[in-house]
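Novice: Give me a 3D structure for the following:
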Amino acid sequence: MGVQPQRTRTDSGSRARSAFLRHRGVLRTKDVLRLGIHPETLYGMRDSGKLISLGRGLYRLSDLPPLGNRDLVTLAMKVPSGVMCLISALAFHELTTQFPHQVYLALPRGAGSRELLHHTHNSDRLRAVWPAKELREQRRSRILRAV
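Specialist: So this is what the prediction gives:
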């Protein structure tokens with residue numbers, strides 16, 4: 001049996017940094033753990049200033065250029081099944097002059113508000129719309145009634 005080399009904190013930190021870079025510099029805690037990075041490494045990087053916290057359980061490399069829209073990145077990472085919609089989508093794609101006061105998010109059938117609010121720290125700026133298919137059906141029925 002050969003002796004395996006002991007991993008140092010530097011090795012773990014560079015391995016964690018590589019994992020963050022492979023994921024565009026942003027990862028959730030559960031994703032970091034799934035990639036085999038020890039929580040001690042994650043929190044050590046945060047405490048040393050190599051990572052910044054975007055929200056509960058969401059970290060970003062601190063030496064990357066600033067995010068254009070931090071709220072949308074945070075929301076996309078925390079609610080991966082959601083789709084930005086309505087005025088939020090128009091504003092993101094610069095197709096409107098209106099500034100949305102809330103982030104509008106379409107969720108798949110069965111997604112509950114409690115789960116969503118648990119994942120977001122600033123729920124007063126979030127408007128959830130469930131489910132997207134029902135919205136299309138409601139819109140269709142309104143159009144048919146108008147005709």
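
Novice: Show me the strands in the protein, by range?
Specialist: 26-28, 51-55, 58-61, 83-84, 103-106, 126-129 (DSSP state E).

Novice: Take those and lay them out in CSV including mean neighbour count and distance to Leu90.
Specialist: C-beta coordinates here come from the backbone N, C-alpha and C atoms, glycine included. As requested, those are exported to CSV (neighbours: other CB atoms under 10 Å; distance: least, CB to CB, whole Å):
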stretch, mean neighbour count, distance to Leu90
strand 26-28, 21, 24
strand 51-55, 17, 24
strand 58-61, 21, 26
strand 83-84, 18, 10
strand 103-106, 22, 10
strand 126-129, 18, 14
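
Novice: Quickly, which of these bottoms out on average pLDDT?
Specialist: Ranked by mean pLDDT, these bottom out at strand 126-129, with a mean of 59.

Novice: circling back: can you check which of the strands of the chain gets nearest to Ala76?
Specialist: Closest to Ala76 of those, according to CB to CB: strand 83-84, at 7.8 Å.

Novice: helices or strands next to the closest one in the packing?
Specialist: Under the contact criterion of 3 or more CB pairs under 8 Å, 6 or more residues apart in numbering; DSSP states H and E, strand 83-84 touches helix 70-78, strand 103-106.

Novice: Out of those, which is closest to Ser53?
Specialist: Closest to Ser53 of the helices and strands packed on strand 83-84, according to CB to CB: helix 70-78, at 10.2 Å.
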